[in-house]
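Colleague: Got a predicted structure plus its sequence, pasted below:
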Amino acid sequence: MPQTNPFHSMVPRKLTDSELARAIRLDMEAELDAINLYAAHIEATDNAEAKAILHHVMDEEREHAALFWELIARLDPAQAEHIKKMSRKYELIVSGAPHEEVEAVGEEGERPASASSGLDKRLTVGSLRR
């Protein structure tokens with residue numbers, strides 16, 4: 001498997017946080033590739049001992065990928081902002097919200113959920129009886 005030279009763009013100084021985040025993304029790519037490789041090995045064998053070891057090693061790679069993701073968020077403020085918005089966007093997407101509502105997450109003047117769904121928060125059961 002070809003290896004990425006982690007020092008191909010190194011300069012004789014310490015990396016900035018932005019440069020380090022870029023380098024860690026390459027490390028994360030390697031972790032994800034390893035997860036897929038181990039999963040393929042597991043599917044390709046009936047050897048229980050090998051499967052047990054591969055599952056263990058694959059789980060370690062998952063942990064490494066998660067740690068790198070957290071580190072990238074701390075090193076790259078723009079990435080951290082995307083991560084903050086991601087959870088809300090994910091919920092809107094899987095609930096079938098309109099594209100405009102999903103894309104409005106994090107934008108100035110973001111519409112509240114009630115505005116986008118056409119509901120008025122002032123409506124109550126009592127106000128509907130009139």
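Modeller: Yep, it's here.

Colleague: so what's the residue positioned nearest the centre of the chain closest to, chain neighbours aside?
Modeller: With distances taken as C-alpha atoms, centre = their mean, the residue of the chain nearest its centroid is Ile83 (6.7 Å). What sits nearest to Ile83 in space, not counting adjacent residues and going by C-beta to C-beta, 6 or more residues apart in numbering, is Ala73, at 5.3 Å. C-beta coordinates here come from the backbone N, C-alpha and C atoms, glycine included.

Colleague: do the same with Glu29
Modeller: Excluding the flanking residues, the one nearest Glu29 by C-beta to C-beta, 6+ apart is Thr4, at 7.9 Å.

Colleague: Next, find the distance separating the one you found from Arg13.
Modeller: Distance of Thr4 to Arg13, computed by C-beta to C-beta, to the nearest Å: 21 Å.

Colleague: can you check Glu91 too?
Modeller: Per C-beta to C-beta, Glu91 is found 43 Å from Arg13.

Colleague: who has more neighbours, these two?
Modeller: Remark: of Glu91 and Arg13, Glu91 carries more neighbours, 12 against 7, as counted by other C-beta atoms under 10 Å.

Colleague: end to end, how far does stretch 7-22 reach?
Modeller: Start-to-end span of stretch 7-22 (C-alpha to C-alpha, to the nearest Å) is 12 Å.

Colleague: Now do the buried residues in that stretch.
Modeller: By neighbour count on 16 or more other C-beta atoms under 10 Å, the buried set for stretch 7-22 is Ala21.
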